[in-house]
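Asks: Sharing a model prediction with you, sequence too.
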Amino acid sequence: MNNLLSELRRRNIFRVAGVYAVVGWILAQASGVLEDALGLPAWFDTMVVSLLLIGFPIAMLLAWAFEMTPEGVKRTEVVAEGESVTAKTGRTLDYAIVGGLVLVVIVVLGNRLLPQKMAAPDVSVQAQMPNPEADEKLSIAVMPFEDFSSGKDQEYFANGISEELLNVLSRIEGLRVSSRTSAFAFKDRKASTGEIAEALNVGHILEGSIRKAGATLRITAQLIDTKTDEHMWSQTYDRPLTAENIFAIQDEIAAAIVAELKGKLSLTPTKQASRTDSLEAYELYLRARTQMQKRKPDTLRAAEAGFKQVIALDPEFAPAFSGLADTYILMSSYTDMQEDESNALARPNVKRALELAPNSAESLTTAAFFAGRNLEFEKALAFADRAIAANPNYSDAYLRKFIVATNTLTDKQANLAIIQKAQALDPLSAIILNNLSGAQFRAGDIDAAKRTMRDNVRWNPDSPFGLIGLALLSYEDGDIAAAHSLNKDALALNPEFVSVQDSLAGIYMDVGMYDAAFAVSEQPYNRAVVLWLMGQKQQSLKMGLDSPNAGFSAYLLYLHNDLKAAYPQARKFITEFNILEKSADLGTAEMLATIALVLQNNGDADADILMDKVEAYLGSDQRAMDKILASDLTAGIKLQIFKGDEDAAFEWLDRYLGLGFADLPLLQEPVLNSLRGTPKFAEREARMAANVAKQRALIEAQLANPKPNWVKVMP
């Protein structure tokens, strides 16, 4: 054995191995840098390391078998003792090893100590920061990271890392962060940095990639200045695959970005309840959240199962409870789950999320979502404001505040400003654009509402929201057939979307297709109205009066001409939604007029207050010929009947019919009882029947030749 070791030393085997290890390490590091810098395939650095490992035993064999001599390389066996220069070669190898080790130390210490790249800023001092909206340099979008894993099966993980980084960055005071939905809209689009920056209105873009290989994780990130398209900073992180390391990398990237933006920003630490030590729980959470965001029946059910698994693995992980609560709330709108069941399932998860993370923007926004859904508007508004204070970049918090404010805020411009703020943070979100269009619609800016919805369809072709909005606008223009086609397109994207079912049910009722209306929507309030139209009065009341919505109960009793029974429900609705403090607009004028008629019939003086609002909205001259939208005209008809001016009521009805509007239920409403039975009314009934026949024929033609993707709802 001693002879073997002596021979190994004489032939410099150990020195060659040392040189090989040092040079191999340097080459491995260089391959990673070249891969990122030159855009080489994801397998490039893996191939280099593999070749180095394969080459090691070959190098050892060559060092054993051959030797350097003054005449060149010779086989060791034929080298005479006097010709051997192994001692001199050994000293050269020693120098190479020492030099290589010095280079290794420089590289390692450089990566760790260079402050302009990795040192976190002093976060104990809050720096003064200008308004981020006034300084577009301090804005950023986190693009979806690419999946460079060999199996290309980690897209959910790459997306999740991007979103978690976005959440970390959104806590940086003074930095405006574009929300996930808008940034991810570019995932499959070939767009330049400039195009992305213009669409999202940001000064910087963070992009990168992830690779999972066994128990190892590599995350590469780079910060780009959108004005110059220059890379301000880039870094590759190689760590063992653990939840702790994932969160550490996220924090290091955020710290590096803070440093690159000249130390103008301060980073708020993430609370432990918002993180988990379980890698399995974290990965399941990312999958579940991705499924929830798709808002489809099957994905919401998958999200429910996923969040439950996360909670089982880590019962202290607050985001899982928040996500599960959001999922249950959404299921009442996007699946066949009823609202009562949804509330019962969501409530304990909202409570637990708040217990674990009472100051988390996510927990607070979920609480606002739940409270608003249950008409607890003051509580919902307080939760939304706290969420915004916790994270001013959290667009969902502004969205929830807007939805609550729509039901409580009397200043429409102030309400519009809330959703505009949400849209500034998430400019391409289908849901936010849908709500923005609705706010523009209610403010009377129809052209802006249409532009917003067209943008929604362009940016979100797989979302039903843009189609729903365009359908509503088409309906208000009197093109019911176009509204029907757009709603059918939307239903194809989500066959269980309750809002689309409601819209289609309303269209089918308008044109007398009662069987189709009954089939397309299983909601009791829709079916109750259909049964009323079909003359099945008792069945209608039995089905509809179980609704917890006082407004609908009042409306159904009004349709049945039981205005005395409708009155207490109308008063309850007025109180719940602060109706007396609201002004009328395009979206509410007809509803206010209907409630006023119920109050008037019961001798309630508040009827005049409500109808004054309608009159103020329609204009002091109340010229029917100036109106072109269905809601305005039906509100005007009811206003004139309220005032007892039958001639003016006929004038508004004539304008409605002259524009081609079709609405069979309108002529059956009790508000028109005073006009019914006269020759003038019979003539209008005939005109309405002609309008209905025209629109119905167009709809039936569409159904006879459906688009391939349309959902069939009739036998």
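Replies: Good, I have the coordinates.

Asks: what residues are up against residue 222?
Replies: 36, 206, 207, 208, 231, 233, 234, 235 (C-beta atoms under 8 Å, 6 or more residues apart in numbering). (Each C-beta comes from the backbone N, C-alpha and C, glycine too.)

Asks: Please apply the same query to residue 223.
Replies: Taking C-beta under 8 Å, 6+ apart, we find residue 223 in contact with 204, 205, 206, 231, 232, 233, 234, 256, 257, 260.

Asks: again, only this time at 7 Å
Replies: 204, 206, 232, 233, 257, 260 (C-beta atoms under 7 Å, 6 or more residues apart in numbering).

Asks: State the helix or strand in which it lies.
Replies: According to DSSP states H and E, residue 223 maps onto strand 216-225.

Asks: for the record, mean pLDDT for the next helix or strand after that strand?
Replies: Next helix or strand after strand 216-225 toward the C-terminus (DSSP H and E): strand 230-240. For strand 230-240, mean pLDDT rounds to 84.

Asks: returning to that earlier point: quick one: buried ones out of the contacts of residue 223?
Replies: The neighbour count (16 or more other C-beta atoms under 10 Å) marks 204, 206, 233, 257, 260 as buried among the contacts of residue 223.

Asks: Restricted to strands, list the residues you listed.
Replies: Among the buried ones among the contacts of residue 223, the members falling in strands (DSSP state E) are 204, 206, 233.

Asks: What sits closest to the second one if chain neighbours are left out?
Replies: Once flanking residues are discounted, residue 206 sits nearest to residue 142: 4.8 Å by C-beta to C-beta, 6 or more residues apart in numbering.

Asks: what are the ranges of the strands in the stretch 101-250 of the chain?
Replies: 139-142, 146-147, 176-178, 204-213, 216-225, 230-240 (DSSP state E, counting those that start in this stretch).

Asks: The ones you listed: which one's closest to residue 712?
Replies: strand 146-147 (37.3 Å; C-beta to C-beta).

Asks: Distance of the residue nearest in space to the middle of the chain relative to residue 457?
Replies: Nearest to the mean C-alpha position of the chain, counting by C-alpha atoms, centre = their mean, stands residue 181 at 4.6 Å. Distance, residue 181 to residue 457, by C-beta to C-beta, to the nearest Å: 15 Å.

Asks: Residue 150 too?
Replies: 37 Å.

Asks: hmm, back to that, pretty sure the residue nearest to residue 206 is touching residue 165, no?
Replies: Yes - contact criterion C-beta atoms under 7 Å: residue 142 and residue 165 qualify, at 5.3 Å.

Asks: who has more neighbours, those two?
Replies: Each of residue 142 and residue 165 has its neighbours counted (other C-beta atoms under 10 Å); residue 142 has more, 30 against 23.

Asks: Show me where the stretch 51-200 of the chain dips below the pLDDT cut-off.
Replies: The stretch 51-200 of the chain contains residues with pLDDT under 70 at 63-137.

Asks: Figure out how far stretch 507-517 is from the centre of its chain.
Replies: Put simply, stretch 507-517 sits 33 Å off its chain's centre (C-alpha atoms, centre = their mean, to the nearest Å).

Asks: CA atoms only: put that stretch into CSV for me.
Replies: Extracted in CSV, the C-alpha atoms of stretch 507-517 (Å, rounded to 0.1, in the frame of the first residue of the first chain):
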residue,chain,number,x,y,z
ILE,A,507,-83.1,37.8,-22.8
TYR,A,508,-85.2,34.6,-23.2
MET,A,509,-87.9,36.1,-21.0
ASP,A,510,-87.9,39.3,-23.0
VAL,A,511,-88.7,37.5,-26.2
GLY,A,512,-91.1,35.0,-24.8
MET,A,513,-88.8,31.9,-24.8
TYR,A,514,-89.9,30.9,-21.3
ASP,A,515,-88.8,27.3,-21.5
ALA,A,516,-85.3,28.3,-22.5
ALA,A,517,-85.2,30.9,-19.7
